[in-house]
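Peer 1: could you work out the structure for the sequence below:
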Amino acid sequence: MEYRVEVPGRDLLESIVSSLIPDLNNLPGECRGDIKEVSGLLVARFECSSISKLMALNNSFIGVLTMLLEIVSVVGNERENSSPGGATTTNTVSDT
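Peer 2: This next block holds a predicted model:
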């Protein structure tokens with residue numbers, strides 16, 4: 001399975017790739033993977049010996065990637081909504 005995800009900004013892309021790489025050491029024994037930046041895209045490839053392991057890995061990866069992108073979005077919104085007086089708009093991320 002291969003993912004190609006466009007991430008806004010090179011620094012953000014490199015940060016997300018760096019934060020996902022340690023998870024490659026914790027893949028199930030029957031799976032292997034690779035995560036890297038290619039032409040401004042996050043590219044992740046996974047292979048597993050069984051479809052059930054691949055599905056579990058897919059769900060886990062999607063969850064972690066979504067969480068990272070939501071955190072970046074909230075932090076970005078906090079910075080954009082900050083006023084010179086120090087007031088900020090609070091954003092929340094729902095569990096759904």
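
Peer 1: are we agreed that Ser19 is in a strand?
Peer 2: No - under DSSP: H, G, I helix; E, B strand; the rest coil, Ser19 falls outside any strand and is assigned helix.

Peer 1: Asn26: neighbour count?
Peer 2: Residues lying near Asn26 (other C-beta atoms under 10 Å) number 7. Quick note: C-beta positions are derived from backbone N, CA and C, even for glycine.

Peer 1: do the same with Asp11
Peer 2: 9.

Peer 1: same check, this time on the one 4 residues further on
Peer 2: When neighbours are counted by other C-beta under 10 Å, Ser15 registers 14.

Peer 1: in what helix or strand does it lie?
Peer 2: Assigned by DSSP states H and E, Ser15 falls within helix 10-20.

Peer 1: quick check: what element follows that helix along the chain?
Peer 2: Criterion used, DSSP H and E; the element after helix 10-20 is strand 31-38.

Peer 1: that following strand: partners in the sheet, and parallel or antiparallel?
Peer 2: According to DSSP bridges, strand 31-38 forms sheet pairs with strand 41-48 (antiparallel).

Peer 1: could you list the residues in contact with the strand it pairs with?
Peer 2: With contact meaning C-beta atoms under 8 Å, 6 or more residues apart in numbering, strand 41-48 is reached by 1-7, 13, 16-17, 20, 27-28, 30-37, 54, 57-58, 61, 65.

Peer 1: ok, stretch 52-69 next?
Peer 2: By C-beta under 8 Å, 6+ apart, stretch 52-69 touches 1, 3, 5, 7, 16, 19-20, 23, 27-28, 30-31, 33, 42, 44, 46-48.

Peer 1: perfect, that will be all.
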